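K.L.:
With the sequence up front, the predicted model follows.
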Amino acid sequence: MGYLLALLSALCFSITNIILKKGMSHSKHNGVWFITFVNVIILGVILLLSLYVFNFPLLLDSKGLFIFLVSGVLINVMGRGLLYKGIRQIGSSKAVAIKNSAPVITFLFAVFVIDEQITKWPFIGILLLFFGLLLLGIQFFKEGVHQPVHRGGYYIALLSAIGYGLGQGLSKEGIAYLPNPYVGVFVGSLGAFLLLTIIEGCRGKLVEHFKSSSGNPYYLWAGVLTSLALLLFYLSVSYIPVSYAVAILAVDPVLTVILVSLFMKKEELISKLIILVSILVFAGAVIISLTGS
């Protein structure tokens with residue numbers, strides 16, 4: 001169940017990537033604040049439904065809530081916010097390629113900090129998957145080599161990867177203290193939204209962001225899809241080790257390339273390298289799913 005949830009989360013993130021690219025072309029703002037605002041509304045409604053319709057128990061733990069809060073800020077503010085800024089500075093190809101190192105950071109966090117045990121075959125699957133992503137990252141860099149870049153954008157994209165990686169790892173730790181993913185994902189999104197609101201308010205751009213982003217349907221749909229993606233990820237780590245979940249989630253960039261090629265009439269993107277990467281990534285994901293405990 002956890003593997004399927006992680007795969008569905010990756011699919012939602014992949015579709016979001018495509019929609020966001022269109023949204024950013026229609027707005028000078030990255031949409032981070034508005035998308036997080038939509039996340040809070042949708043995930044809040046889902047939390048209420050889980051409590052009052054499906055009668056999920058409301059379990060609260062102060063340490064668990066704090067960990068979820070930190071996790072949400074790392075993923076939604078540091079990870080997502082810096083990724084979008086990195087895309088503006090060095091282009092989507094290079095920024096996404098660097099951001100794709102996030103699963104490696106989560107993997108190291110899971111093994112050395114929360115002491116997850118990785119058995120032989122899942123480890124082989126993870127290596128296959130990471131090798132495929134490395135090949136894809138190299139290809140992304142080659143495609144963006146002629147784009148004008150700002151050197152600081154590389155560091156911004158790397159910090160984004162660190163934010164995503166640590167945030168995803170902490171989400172598992174939060175589940176250990178407070179085993180309710182509905183509460184966890186909502187608290188994380190709410191904390192991120194409040195911090196972003198304070199930041200944008202201090203900059204005097206809150207009203208400007210709302211007017212610009214609320215009229216952008218692509219950002220609205222991106223908010224809906226990221227809400228589902230986050231919820232599915234938190235649900236997945238409540239079933240399986242986070243090191244396995246992020247490995248499955250790492251198929252996101254491959255799915256994005258395939259979806260763009262199939263539905264946006266860019267057949268030239270389906271190269272021999274993309275086919276090889278797809279085989280490696282999906283083979284790794286299948287091995288993890290079939291052999292993971």
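P.N.:
Okay, I see it.
K.L.:
which element is the closest residue to Val113 other than its chain neighbours on?
P.N.:
Of all residues not flanking Val113 in the chain, Gly169 sits nearest, at 6.9 Å (C-beta to C-beta, 6 or more residues apart in numbering). Any C-beta I mention is one placed from the backbone N, CA and C, and that applies to glycine too. Gly169 is part of helix 152-177, with elements assigned from DSSP states H and E.
K.L.:
Check which residues of that helix are buried.
P.N.:
153-154, 156-175, 177 (16 or more other C-beta atoms under 10 Å).
K.L.:
returning to that earlier point: is it correct that the residue nearest to Val113 is in contact with Phe112?
P.N.:
No: Gly169 lies out of contact with Phe112 (C-beta atoms under 8 Å); the separation is 10.1 Å.
K.L.:
before we move on, back to that, C-terminal to the helix holding Gly169, what's the next element?
P.N.:
Sequence order places helix 181-202 as the next helix or strand after helix 152-177, per DSSP H and E.
K.L.:
Which positions within the helix or strand just after that next one qualify as buried?
P.N.:
Once the chain leaves helix 181-202, the next helix or strand it forms, by DSSP H and E, is helix 206-214. Within helix 206-214, the residues that count as buried by 16+ other C-beta under 10 Å are Leu206, His209, Ser212, Ser213.
K.L.:
Where does pLDDT dip in this protein?
P.N.:
91-94, 137, 139-151, 261-271, 274, 289, 292-293 (pLDDT under 70).
K.L.:
just the helices in it please.
P.N.:
2-25, 32-52, 62-73, 80-90, 92-99, 102-112, 120-143, 152-177, 181-202, 206-214, 217-237, 242-249, 252-263, 272-291 (DSSP state H).
K.L.:
which of the ones you listed is buried the deepest?
P.N.:
Stretch with highest mean neighbour count among the helices of the chain: helix 242-249 (a mean of 29; mean count of other C-beta atoms under 10 Å).
K.L.:
relative orientation of the helix holding Gly169 and helix 217-237 in degrees?
P.N.:
Here helix 152-177 points in a direction 40 degrees away from that of helix 217-237 (axes from the mean of the first three to the mean of the last three C-alpha atoms, to 10 degrees).
K.L.:
Just want the angle from helix 152-177 to helix 242-249.
P.N.:
Using the same axes, to 10 degrees, one finds that helix 152-177 and helix 242-249 are set 130 degrees apart in direction.
K.L.:
contacting residues around the closest residue to Ile156 other than its chain neighbours?
P.N.:
Take Ile156 and drop its neighbours on the chain: the residue closest to it by C-beta to C-beta, 6+ apart is Gly86, 4.3 Å away. Taking C-beta atoms under 8 Å, 6 or more residues apart in numbering, we find Gly86 in contact with Lys94, Ala95, Ile98, Lys99, Gly153, Tyr154, Ile156, Ala157, Ser160.
K.L.:
any chance of those in CSV, with distance to Tyr52 too?
P.N.:
What follows is those, written out as CSV (distance: C-beta to C-beta, whole Å):
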residue, distance to Tyr52
Lys94, 46
Ala95, 41
Ile98, 42
Lys99, 37
Gly153, 45
Tyr154, 47
Ile156, 42
Ala157, 41
Ser160, 36
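K.L.:
Just give me the closest of those to Ala245.
P.N.:
Ala245 lies nearest to Lys99 out of the contacts of Gly86, by C-beta to C-beta, at 17.2 Å.
K.L.:
dump the residue contacts of that closest one.
P.N.:
Gly79, Leu83, Gly86, Ala157, Ser160, Ala161, Tyr164.
K.L.:
Just give me the closest of the residues you listed to Gly44.
P.N.:
Using C-beta to C-beta, the contacts of Lys99 come closest to Gly44 at Gly79, 21.0 Å.
K.L.:
what's the spacing between that closest one and Pro217?
P.N.:
Applying C-beta to C-beta, to the nearest Å, the value for Gly79 to Pro217 is 24 Å.
K.L.:
Ok, Phe282 next?
P.N.:
In this view, Phe282 and Pro217 are 32 Å apart by C-beta to C-beta.
K.L.:
hang on, the earlier thing: and the contacts of Lys99, which two are the farthest apart?
P.N.:
Greatest spacing in the contacts of Lys99, by C-beta to C-beta: Gly86 and Tyr164 (11.9 Å).
K.L.:
circling back to that earlier point, so which elements touch the helix holding Gly169?
P.N.:
Secondary-structure packing of helix 152-177 (3 or more C-beta pairs under 8 Å, 6 or more residues apart in numbering; DSSP states H and E): helix 62-73, helix 80-90, helix 92-99, helix 102-112, helix 181-202, helix 217-237, helix 242-249.
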